[in-house]
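1. pasting the sequence and the predicted model now:
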Amino acid sequence: MTYSRIVGTGRYLPERIMTNADLEKIVDTTDEWIRTRTGVERRHVCADDQTTSDMCIEAAKVAIEDAGISVADIDMVITGTTTPDLIFPNISTLIQHKLGIPPCIAFSLEAACTGFIYALVTADKFIKAGEAKCVLVLGAECITKLVDWSDRNTCVLFGDGAGAAILKPSKEPGIIACHLGADGKHKDLLYYPVGASNNLAAAGTDGTAIHMAGSEVFKVAVKTLGDIASKSLENAGVGKDELDWLVPHQANIRIIQAMAKRIGVPMEKVIVTVQDHGNTSAASVPMALDVGIRDGRLKQGQLILMEAFGGGFTWGTVLMRL
Ligand code: UT7
């Protein structure tokens, strides 16, 4: 049986760091409120002229080097993002061309904060079907460009960044089990009110911003993430004690803690980056994975559960051996 396995990772965070103290100067908030209610201490914010593909290029270069491959080996690029450079061509084609990857399958998909998990699961299927041999999978976001910096309910939460992984076929697992889901009935709890076919002229104007019913999103997120994590372990016949690490979406430390408690995994086994990155949407899981690998906590052969939840709502898990 062919499995797929992550053989290299990388991340890129923009140079500019915005601390909670910086936010105290522009909205009616406090460092104490942000830290205790969300866990965020700082976030990276991309420059005005910096695009999501610019960040992806940097993250991809690190992942390519880490994997010990060359750009010529890559035969597929998938990017999970809600903030592409352009409506079209899709961002993966921009990345493919800018990196000098030979012509290949290249597309993006939009699943909000679950974008990387959706992209990774898709790449896994292509590899298992024998249709791809080396996939560059990205989760990236310039989400701060959608933020209303006068809205304290949302502006304190988000940050920018890009995470990358190289996925290749393997005789050993690799990705063991995946679960994806979505339910559009929750659309009004978390959305950005502009799209290519709707309200486009309003983009960037005052009053056009991320809408979030925070505490309702919070409740559904904890329940859904807890349920899908437990179900994923159960379906794979893996006990929670066998799990080496949980790499969750980094939306809020309280969501992470509540979800970990719900599934019975101690916080010592959870990778947490929300304090340094904020909520980077589709970039959060691959960046947290890269942080854990590079600081030596995540080791080859360990059993890891990644999971995410976002606008839609969408959700997903990937259980894998590193
Ligand atoms: O990425 C996936 C999707 N996103 C999420 O998963 C986010 C889910 N939601 C959350 O993380 C939390 O609900 C928030 C962090 C957004 C909000 O935390 P909360 O504990 O649910 O607060 P709240 O919205 O119930 O607001 C509590 C109070 C309110 O004041 P009153 O009405 O009690 O007087 C807010 O106005 O906190 C106030 N507040 C703030 N105060 C200081 C809201 N934002 C701020 C702020 N600084 N930045």
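-> Right, received. Where do you want to start? Residues are numbered from 1 along each chain as shown.
2. quick one, strands of this protein?
-> Chain-ordered strands for the chain, with DSSP state E as the definition, fall at 3-12, 17-19, 42-44, 76-80, 105-109, 135-141, 161-170, 175-182, 190-191, 211-212, 245-248, 303-310, 314-321.
3. so the third one, near the ligand or not?
-> No - judged by C-beta under 6 Å from any ligand atom, strand 42-44 and the ligand are separated, with a smallest distance of 12.9 Å. Quick note: C-beta positions are derived from backbone N, CA and C, even for glycine.
4. pLDDT averaged over that strand - what is it?
-> Over the span of strand 42-44, the pLDDT mean works out to 98.
5. quick one: strands adjacent to that strand?
-> Looking at strand 42-44 with DSSP bridges, its partner strands are strand 17-19 (antiparallel).
6. other residues contacting the strand it pairs with?
-> Here strand 17-19 makes contact (C-beta atoms under 8 Å, 6 or more residues apart in numbering) with 31, 41-45, 159.
7. at 6 Å instead, please
-> Applying C-beta atoms under 6 Å, 6 or more residues apart in numbering, the external contacts of strand 17-19 come out as 42-45.
8. same deal with stretch 269-282?
-> Against stretch 269-282 from outside (C-beta under 6 Å, 6+ apart): 39-41, 43, 80-81, 113, 115-116, 139, 141, 143, 157-159, 161, 245-247, 250-251, 253, 260, 288, 291-292.
9. centre of the chain to that stretch, how far?
-> Between the centre of stretch 269-282 and the centre of its chain there are 9 Å (C-alpha atoms, centre = their mean, to the nearest Å).
10. swap in stretch 252-270?
-> Mean-position distance between stretch 252-270 and its chain equals 18 Å (C-alpha atoms, centre = their mean).
11. ok, back up a step: what's the most distant pair in the contacts of strand 17-19?
-> Distance extremes for these: the farthest pair is Arg42 and Val45 at 9.9 Å, using C-beta to C-beta.
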